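# Make a model of this:
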Amino acid sequence: MPINYPTGAIEEHLITRRGVGLFDIDHMGQIEIAGEAAETFVSHMISAKVSDLVAPMARYSLLLNEKGGIIDDLFVYRLPNSWWIVVNASNRAVDLEWFRSKAPTNVSIIDRSDDTYMIAVQGPRAIELLDKISNTPVSPIPRFCWANISIEGIPILFGRTGYTGEDGGELFFPAKKAIELWEYLLECGESFGIETKPIGLAARDSLRFEAGLPLHGHEIGIDINPIEAGFKWACDFEKEFIGKEALLSIIEQGISRKLVGIEVFGGVAREGYEVATADGVIIGRCVAGMYCPTVKKYAANAFVNPNYAKIGTNLSVIIRGQPRSAEVIKRPFYVPVYRR
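Residues are numbered from 1 along each chain as shown. The predicted structure is shown next:
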């Protein structure tokens with residue numbers, strides 16, 4: 001996946017917001033978990049509730065260590081006879097080893113990543129495009145559910161999921177069909193008069209950033225827990241899972257920092273830049289920052305002292321040694337379609 005295509009990062013971002021963006025995300029990993037104790041095992045390993053999941057449902061979750069640190073975030077799909085876990089590229093090997101190290105003998109952990117290709121089709125006209133070319137319409141499939149479909153004879157597991165804040169889906173299919181399907185999607189978009197373009201890594205980052213979706217190593221990470229990052233909602237405290245006791249202790253003691261969104265005036269905040277009070281006291285640090293093309297703001301995500309996390313609080317970001325005014329604003333900066 002290139003940083004951007006010749007179209008350019010900002011235009012690719014805007015295309016995804018108005019038409020259809022195609023994302024070559026084969027770098028993502030896919031792990032299948034099966035066996036008679038698979039449900040119990042998956043429930044123990046991930047933070048989200050899974051006992052209510054039946055095929056064809058899917059859910060966002062976190063993978064935690066015993067200290068409550070976030071090893072990864074992932075999507076879990078409930079298949080008829082197994083569990084399909086989609087993990088981030090940079091964490092694929094770590095996640096796989098973590099699952100295998102904890103698995104009992106009656107649970108199998110299978111890495112499907114090399115044989116499976118993954119393309120995301122995202123945007124307000126994505127479902128329209130897919131309805132026209134799939135052997136069965138995808139529009140009736142609810143958000144966070146999946147179905148087996150076929151496009152141009154290629155068997156596809158279609159998940160109505162994504163990481164852009166837009167509607168659309170993610171396609172899982174045999175890797176040997178990757179170029180054929182990619183080119184067919186582009187050709188069909190053009191033939192139907194639906195703006196359809198390939199989207200690079202830069203726009204993928206700005207799209208997820210605007211929509212309040214985390215990126216491992218930035219808003220979440222092994223040294224970040226779900227409570228301070230605002231992902232308590234992704235943890236089911238009615239069940240047992242790795243990291244639960246640590247999180248309960250953190251909740252009881254209180255957090256020392258909190259993830260907030262800030263609008264920055266007079267400069268671009270980058271990862272690592274310090275955040276200060278209006279009178280210059282350092283209270284935190286940015287973990288991501290950029291221009292948001294849809295909402296037309298320069299913004300950042302930062303961990304700050306919770307006493308300064310209230311929306312409307314005036315702060316400053318130290319940019320190249322100079323304080324630039326900033327204000328805590330509501331996240332997400334762009335409300336995802338499925339939350340409206």
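# contacts, neighbours, all on C-alpha from now
OK.
# residues contacting the residue lying closest to Asp114 once chain neighbours are set aside?
On the basis of C-alpha to C-alpha, 6 or more residues apart in numbering, the spatially nearest residue to Asp114 that is not a chain neighbour turns out to be Ala175, at 7.5 Å. Listed by C-alpha atoms under 8 Å, 6 or more residues apart in numbering, the contact set of Ala175 reads Asp114, Asp115, Thr116, Tyr117.
# Among the residues you listed, which one has the most neighbours?
Sorting these by how many neighbours each has (other C-alpha atoms under 10 Å) puts Tyr117 first, at 23 neighbours.
# Looking at strand pairing, list the partners for that residue.
For Tyr117, the beta-bridge partners under DSSP bridges are Phe173.
# Could you pull up the contacting residues of it?
Applying C-alpha under 8 Å, 6+ apart, we find Tyr117 in contact with Ile25, Asp26, Leu171, Phe172, Phe173, Pro174, Ala175, Ala178.
# how about the residues you listed in a markdown table, adding pLDDT and distance to Asp52?
As requested, the contacts of Tyr117 are arranged in a markdown table below (pLDDT from 0 to 100; distance: C-alpha to C-alpha, whole Å):
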| residue | pLDDT | distance to Asp52 |
| --- | --- | --- |
| Ile25 | 97 | 29 |
| Asp26 | 96 | 29 |
| Leu171 | 98 | 24 |
| Phe172 | 98 | 24 |
| Phe173 | 98 | 27 |
| Pro174 | 98 | 29 |
| Ala175 | 98 | 31 |
| Ala178 | 98 | 34 |
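# Surely Ile133 touches Ile151?
Yes: the pair formed by Ile133 and Ile151 meets the contact definition of C-alpha atoms under 8 Å, at 6.1 Å.
# Buried ones from the contacts of Tyr117, can you make that a ChimeraX selection?
In ChimeraX, this line selects whichever of the contacts of Tyr117 come out buried by 16 or more other C-alpha atoms under 10 Å:
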select :25,26,171,172,173,178
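# would you list the contacts of Tyr117 in TSV and tack on distance to Ser82?
Formatted as TSV, the contacts of Tyr117 follow (distance: C-alpha to C-alpha, whole Å):
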residue	distance to Ser82
Ile25	23
Asp26	21
Leu171	18
Phe172	16
Phe173	17
Pro174	18
Ala175	21
Ala178	24
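# quick check, nearest of the contacts of Tyr117 to Phe144?
If you rank these by distance to Phe144 using C-alpha to C-alpha, Leu171 comes first, at 13.2 Å.
# From Gly159, how far off is that closest one?
From Leu171 over to Gly159 the distance is 7 Å, taken as C-alpha to C-alpha, to the nearest Å.
# repeat for Asn91
Asn91 is 21 Å from Gly159, by C-alpha to C-alpha.
# can you check Tyr334 too?
In terms of C-alpha to C-alpha, Tyr334 sits 22 Å off from Gly159.
# quick one: which of these two has more around it?
A count of neighbours by other C-alpha under 10 Å puts Gly159 above the other of Tyr334 and Gly159, at 25 against 17.
# which residue packs closest to that one, ignoring adjacent ones?
Trp146 (4.2 Å).
# Okay, and the one you found sits in which element?
strand 146-151 (DSSP states H and E).
# Which helix or strand lies directly C-terminal to that strand?
Following strand 146-151 toward the C-terminus (DSSP H and E): strand 154-159.
# and which of the contacts of Ala175 is nearest Pro80?
Thr116 (18.4 Å).
# And the pLDDT for that closest one?
With respect to pLDDT, Thr116 has a value of 98.
# end to end, how far does stretch 32-43 reach?
Span of stretch 32-43 from end to end, C-alpha to C-alpha: 14 Å.
# mind listing what's buried in that stretch?
Glu32, Ile33, Ala34, Gly35, Ala38, Glu39, Phe41, Val42, Ser43.
# got the contact list for the helix or strand where Ser101 lies?
Following DSSP H and E, one finds Ser101 within helix 92-102. Helix 92-102 is contacted from outside by Met28, Gly29, Ile31, Met45, Ile71, Asp72, Val87, Ile109, Asp111, using C-alpha under 8 Å, 6+ apart.
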